[in-house]
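Asker: Fold the following.
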Amino acid sequence: MAIAQKGSKVSVHYTGRLTDGTVFDSSEGRDPLAFEVGAGQMIPGFDAAVNGMSIGDKKTVTIPSEEAYGPKNEQMIMDVPKENLPEDMRAEVKEGMKLYMQTAQGQPVPVTVVGVEEASIKIDANHELAGKDLVFDIELVSVD
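Answerer: Presented below is the predicted three-dimensional model:
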């Protein structure tokens, strides 16, 4: 029987939850997720959990934030003057909105508006799951 190991191309079905039970992602109703074990395509804790599984194995793992999306980085929370926003957006921006900023190299970076003042907004560029421990139900479907 094939066992998932570093370099194996695998497919898994999964459900990801926060520790309070809130589901944030799932492959239910979709094709299984395919990736190469140990290639850095997945968060480290998920990769490690699949390593050593056999086809048909199911497991539930709790992945600490350090092995998921890392701790929340306070330097990624910043104030942006509203004058830096497109003019038509300045009056519309609200807390909780998802926006895209650009790096100096032109790469899009998703950010969340976490505060709105008269002349500025506060944005958080951390991954939305940063600082959170994650729980995954994993079923190994195939190994190549």
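
Asker: How much space separates the closest residue to residue 39 other than its chain neighbours from residue 36?
Answerer: The shortest distance from residue 39 to any non-neighbouring residue, by CB to CB, 6 or more residues apart in numbering, is to residue 7 (7.8 Å). Glycine gets a C-beta too; all of them are placed from N, C-alpha and C. Separation of residue 7 from residue 36 (CB to CB, to the nearest Å) stands at 7 Å.

Asker: Could you check which of the two has the larger neighbour count?
Answerer: residue 36 (15 against 9; other CB atoms under 10 Å).

Asker: Can I take it that the residue nearest to residue 39 is in a strand?
Answerer: No. Residue 7: not assigned to a strand; according to DSSP: H, G, I helix; E, B strand; the rest coil it is coil.

Asker: Give me the pLDDT value at it.
Answerer: Note on residue 7: pLDDT of 97.

Asker: shouldn't it be in contact with residue 47?
Answerer: No. Using CB atoms under 8 Å, residue 7 is not in contact with residue 47, being 11.8 Å away.

Asker: Now for these two: what residues contact both?
Answerer: 37-38 (CB atoms under 8 Å, 6 or more residues apart in numbering).

Asker: And the most centrally placed residue in the chain, how far from residue 45?
Answerer: Centroid-nearest residue in the chain, with CA atoms, centre = their mean: residue 129, separated by 5.5 Å. Separation of residue 129 from residue 45 (CB to CB): 12 Å.
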